[in-house]
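# Quick one: sequence plus predicted model below, questions after.
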Amino acid sequence: MSATVNIHEAKTYLSRLLARVGEGEEVIIAKAGKPVARLIPIAKRSRQRMPGSAKNKIVIRKKFFKPLPAAVLDAFEK
């Protein structure tokens, strides 16, 4: 659901519009009837990271720790 308001109304009632956006509503701000901006709620934060949550899901092979070939190392030095 979205509401369209003109710039004057948006300036006058910004805190009320932000409260509506905080409840999940989308607000379109228009100038002379043409949309120029959209107020949308910020996406909810993802869950807090848990140390060890990827255990047994990621495998790092032994060859990962071997030195890189000389040609690759030289490319990093340039």
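In hand now; what should we look at? It should be emphasised that the depicted structure is a prediction, and the values quoted were computed from it without experimental measurement.
# Show me which parts of the helix-or-strand element of the chain with minimal mean pLDDT are buried, residue by residue.
Every helix and strand of the chain was ranked by mean pLDDT, DSSP states H and E. The lowest is helix 70-77, at a mean of 90. Neighbour-count burial for helix 70-77, counted by 16 or more other C-beta atoms under 10 Å, picks out no residue. All C-beta atoms are positioned from the backbone trio N, CA, C, and that covers glycine.
# Run through who's touching it.
For helix 70-77, contacts defined as C-beta atoms under 8 Å, 6 or more residues apart in numbering pick out residue 67.
# mind checking how far that helix is from the chain centre?
36 Å (C-alpha atoms, centre = their mean, to the nearest Å).
# How about stretch 39-46?
When C-alpha coordinates are averaged (C-alpha atoms, centre = their mean), stretch 39-46 and its chain have centres 8 Å apart.
# measure it end to end?
With C-alpha to C-alpha, to the nearest Å as the measure, the ends of stretch 39-46 fall 21 Å from one another.
# any idea of the mean pLDDT for that stretch?
Across stretch 39-46, the average pLDDT comes to 84.
# May I see the buried residues of it?
residue 39.
# re the thing from before, restrict the least confident helix or strand of the chain to CA atoms and write it as CSV.
What follows is the C-alpha trace of helix 70-77 in CSV, where atoms were taken according to Å, rounded to 0.1, in the frame of the first residue of the first chain:
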residue,chain,number,x,y,z
ALA,A,70,55.8,-17.4,-9.0
ALA,A,71,53.9,-15.9,-11.9
VAL,A,72,50.9,-15.1,-9.8
LEU,A,73,53.1,-13.6,-7.0
ASP,A,74,54.9,-11.4,-9.6
ALA,A,75,51.6,-10.1,-10.8
PHE,A,76,50.8,-8.9,-7.3
GLU,A,77,54.2,-7.1,-7.0
